[in-house]
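J.: take a look and give me a structure for this.
(one chain, ligands or ions: 1)
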Amino acid sequence: MLTFIGLGLFDENDVSVKGLEQIRRADYVFLECYTSVLTGTTIERMEEFFGKEVKTLGRDDVEGHPEDFLRLAQDSDVAFLTAGDPMVSTTHIDLRIRAADMGIRTAVVHGASIVSAVCGLTGLQNYRFGKSCSLPFPYGKWAPKTPVEVIEHNMAENLHTLVYLDIQPERYMRVPEAVGFLEEMAAERGLSIPVYVGVARAGSAEPMVAAGTAGDLAKVDFGDPLHILVVPAELHHMEREYLETFAGL
Ligand SMILES: C[S@@+](CC[C@H](N)C(=O)[O-])C[C@H]1O[C@@H](n2cnc3c(N)ncnc32)[C@H](O)[C@@H]1O
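T.: So this is what the prediction gives:
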C-alpha cells in the first residue's frame, strides 16, 4: 500500500490526525522535499514526532526512478509525505498512476495547501484565480517568459495569478527579488503590474502578508522562507478592504 500524505504548511504539527496515524502505522516513511518544504521544522524533529525514520527523496528519486521505493509498497505499507497537499501543484498524480500499474493499492490523505492558505491570508477569492505559474531563478542571462505571459493572460481575463517562487537546495526566492524579476520581464512586454501581494510563512504563528506597488514591496522585510506572490486582478471591494485591513494596501 502506498499512502500519499500531505503534511500541511509549516511544521510537524500541521499533519492531520489521520495522516499521523497512517505514518505511525507505515513500514517505511519517505519525504519528498523538492516541490515544497516545511521550513518550521527539521527531519530530526519530524522523526521524533512521528516515531519513525524519515528518508528524504529528491526529484530524480521520485520522477526518474521511483520503482526503487515503489517496489517496497508491493508488500509493505509505505507513507509518501509532502509539504502542503501531495496532489496540489505537484506531479504526483503520475506516481499514483505508476503505482496502480504495478498493482499497488494507493490512498491520499490531504493536507492544508498554500493554494487555500493564500486565499485566507490575502482575502483574494479562490474562484477568481486563473492559471498559476512558477518563477525560477534566472539561469545566467536566461529567464523564462512564461510567468509574465501567464500574468498578462490572466490580467486580460480579470483573474488573479498565483506565482510559486523557486526552491533550490541552497536558496529560496523571496518576494522582493521575485517582484524585481517580474518587473523586468513585464517592462520588456510593455505590461504594467499595479499591485502585488506577497505572503511569507503561511501556516506559521507569524505569517507576513503585504500588498502594494513594486516599489512598496521592495522596502518590506518578509523574513524567512517560504514566500509566495500573487498578482491580483482588479480588486472586488471586499478584497480591497481585506488587503487594506490585513496587508497594508
Ligand atoms: C510548487 S508549490 C507546491 C504546493 C504544495 N503541494 C501545497 O499544496 O501547498 C510550492 C511553492 O508554494 C509556496 N509555498 C509553499 N508553502 C508555503 C508557505 N507555507 N508559505 C509561503 N509560501 C509557500 C512557495 O512559493 C513554494 O515554492
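J.: please make it C-alpha for all contacts and neighbour counts, starting now.
T.: Fine.
J.: not counting sequence-adjacent ones, nearest residue to the most far-flung residue of the chain relative to its centre?
T.: If you look at how far each residue of the chain sits from its centre, by Cα atoms, centre = their mean, the farthest one is residue 75, at 31.6 Å. Closest residue to residue 75 apart from its sequence neighbours, by Cα to Cα, 6 or more residues apart in numbering: residue 1 at 7.4 Å.
J.: so which bits of this structure are right by the ligand?
T.: For the chain, the contact set with the ligand under Cα under 6 Å from any ligand atom comprises 9-10, 35-36, 83-86, 88-90, 113-114, 164-167, 199-203, 226-228.
J.: hang on, the earlier thing: what's near enough to touch the residue nearest to residue 75?
T.: Neighbouring residues of residue 1 by Cα atoms under 8 Å, 6 or more residues apart in numbering: 73, 74, 75, 76, 77, 78, 104, 105, 106, 107.
J.: just read off the phi/psi values of the last one.
T.: Dihedral angles phi and psi of residue 107 (degrees, to the nearest 10) take the values phi -150, psi 160.
J.: correct me, but it touches residue 3?
T.: Yes: with contact defined as Cα atoms under 8 Å, residue 107 counts as touching residue 3 (4.8 Å).
J.: pLDDT below threshold where in the chain?
T.: Applying pLDDT under 70 to the chain picks out no residues at all.
J.: all helices for it, in order.
T.: Secondary structure of the chain by DSSP state H: the helices cover 17-25, 43-50, 59, 67-70, 92-101, 114-122, 146-156, 175-189, 214-218, 237-246.
J.: reformat these as JSON lines; add mean neighbour count.
T.: Listed next are the helices of the chain as JSON lines, based on neighbours: other Cα atoms under 10 Å:
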{"stretch": "helix 17-25", "mean neighbour count": "17"}
{"stretch": "helix 43-50", "mean neighbour count": "14"}
{"stretch": "helix 59", "mean neighbour count": "13"}
{"stretch": "helix 67-70", "mean neighbour count": "16"}
{"stretch": "helix 92-101", "mean neighbour count": "15"}
{"stretch": "helix 114-122", "mean neighbour count": "18"}
{"stretch": "helix 146-156", "mean neighbour count": "19"}
{"stretch": "helix 175-189", "mean neighbour count": "17"}
{"stretch": "helix 214-218", "mean neighbour count": "17"}
{"stretch": "helix 237-246", "mean neighbour count": "15"}
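J.: got these as TSV, with distance to residue 132 columns?
T.: Converted to TSV, those look like this (distance: least, Cα to Cα, whole Å):
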stretch	distance to residue 132
helix 17-25	27
helix 43-50	29
helix 59	21
helix 67-70	30
helix 92-101	17
helix 114-122	10
helix 146-156	7
helix 175-189	14
helix 214-218	19
helix 237-246	19
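J.: of all those, which one comes closest to residue 137?
T.: helix 175-189 (8.6 Å; Cα to Cα).
J.: what's in contact with stretch 109-119?
T.: 3-9, 14-16, 18-19, 83-86, 88, 124-126, 199, 202-203.
J.: do stretch 231-247 as well
T.: Against stretch 231-247 from outside (Cα under 8 Å, 6+ apart): 121-125, 151, 154-155, 158-163, 193, 195-197, 209-211, 249.
J.: how far off centre is it?
T.: Remark: stretch 231-247 is offset 22 Å from the chain centroid, using Cα atoms, centre = their mean, to the nearest Å.
J.: same deal with stretch 98-115?
T.: The answer for stretch 98-115 is 17 Å, by Cα atoms, centre = their mean.
J.: between the two ends of that stretch, how far is it?
T.: 26 Å (Cα to Cα, to the nearest Å).
J.: could we number from 51 for the rest of this?
T.: Got it, first residue is 51 now, which makes that one stretch 148-165.
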